[in-house]
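J.: sharing a model prediction with you, sequence too.
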Amino acid sequence: MQNKTAFVTGASRGIGRACALTLAKAGARVALASRQLDKLEEVAAEIRAGDGEAFVVELDMREPESIRKAIARTAKEFGRIDILVNNAGVTKDGLAVRMKAEDWELVLATNLTGAFIAAQQVLMGMMRERWGRIINITSVVGQAGNAGQANYVASKAGLIGLTKSLAQEVASRNITVNAVAPGFIDTDMTQALTAELKERITAVIPLGRLGTADEVAGAVRFLASDEAAYITGHVLSVNGGMYM
Ligand code: NAP
């Protein structure tokens, strides 16, 4: 991945951080974006300590203007953006009958509309370059559904539809668009689950454990690589077999 540049949303922790470190290790110059600059600086320091190149940029996925600015600043810094990893995401769980409109909107705005705007912003440059990779981080629940997460599941299922539509629109320009669907991964997002719930979840995972952020990042690195040049519109599950 020498001479490639990547923009990773939600790179301050968890799966996004792992994607940024993994892409940097593979030789890409990486822009780290999220709301917490101090946390991003820590990840950037790790990348630089390994002789990688990192650029830190503030981004709020709920604000279209913030996305445009962050991507424009990165394109100016790096010259272009070759790889977009739409990873930033939030949950705001609750049963649908009682779900507040603001909780629905927050999750859709962050996870789906934000990802769409980020893709729009990088696509012009990728089309010019006749090369690009967009990788959207969806979720197993976007494939299977999940009670208590109507907003999150709708956003993640929406990302799958977005992935397939964009893939068809931009394939002729040598740009691939794929999704990675993690199962239950050990990050801050799943740390919030009770021990009892984790035990119940683990019981239905054929591989018998939660996944790691690095295991998701490995799938992202593959889809961003030249080896995956003929794969587009695909949803790659990294879920220990919990949904097939
Ligand atoms: P996490 O540890 O909670 O991290 C979420 C990341 O998203 C943080 O870096 C956060 O950055 C960023 N983020 C949240 N809201 C943002 C906003 N408004 N603007 C910019 N950045 C924002 O979550 P994770 O487990 O690593 O999850 C990463 C992605 O994988 C998410 O899309 C999630 O839905 C998906 N996923 C996770 C699992 C799992 O089991 N963990 C399973 C399936 C899918 P700041 O707080 O610094 O802004």
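T.: Structure's in. What do you need?

J.: contacts only, for the closest residue to residue 157 other than its chain neighbours.
T.: Distance criterion Cβ to Cβ, 6 or more residues apart in numbering; nearest residue to residue 157, sequence neighbours excluded, is residue 142 at 4.4 Å. C-beta here means a position set from N, CA and C on the backbone, and glycine is covered the same way. By Cβ atoms under 8 Å, 6 or more residues apart in numbering, residue 142 lies in contact with 153, 155-160, 181.

J.: residue 37 against residue 56, yeah?
T.: Yes. Counting by Cβ atoms under 8 Å, residue 37 does reach residue 56; the two are 6.2 Å apart.

J.: ok, those two, which is more surrounded?
T.: residue 56 (21 against 16; other Cβ atoms under 10 Å).

J.: please report how far the residue lying closest to the more buried one once chain neighbours are set aside lies from the ligand.
T.: Spatial nearest neighbour of residue 56, excluding adjacent residues (Cβ to Cβ, 6+ apart): residue 40 at 4.4 Å. Residue 40 sits 7 Å away from the ligand, going by Cβ to the nearest ligand atom, to the nearest Å.

J.: now residue 117
T.: Per Cβ to the nearest ligand atom, residue 117 is found 12 Å from the ligand.

J.: sec struct for that residue, please.
T.: helix (DSSP: H, G, I helix; E, B strand; the rest coil).

J.: give me the neighbour count for it.
T.: For residue 117, using other Cβ under 10 Å, the count is 19.

J.: thinking it is in contact with residue 66, fair?
T.: No. With contact defined as Cβ under 8 Å, residue 117 does not count as touching residue 66 (9.6 Å).

J.: next, the buried residues of the lengthiest helix in the chain.
T.: Scanning the chain for the longest helix, with DSSP state H as the assignment, gives helix 150-170. Buried residues in helix 150-170, counted by 16 or more other Cβ atoms under 10 Å: 150-160, 162-164, 166-167, 170.

J.: need the helix or strand of the protein with the lowest average pLDDT.
T.: helix 188-191 (a mean of 88; mean pLDDT, DSSP states H and E).
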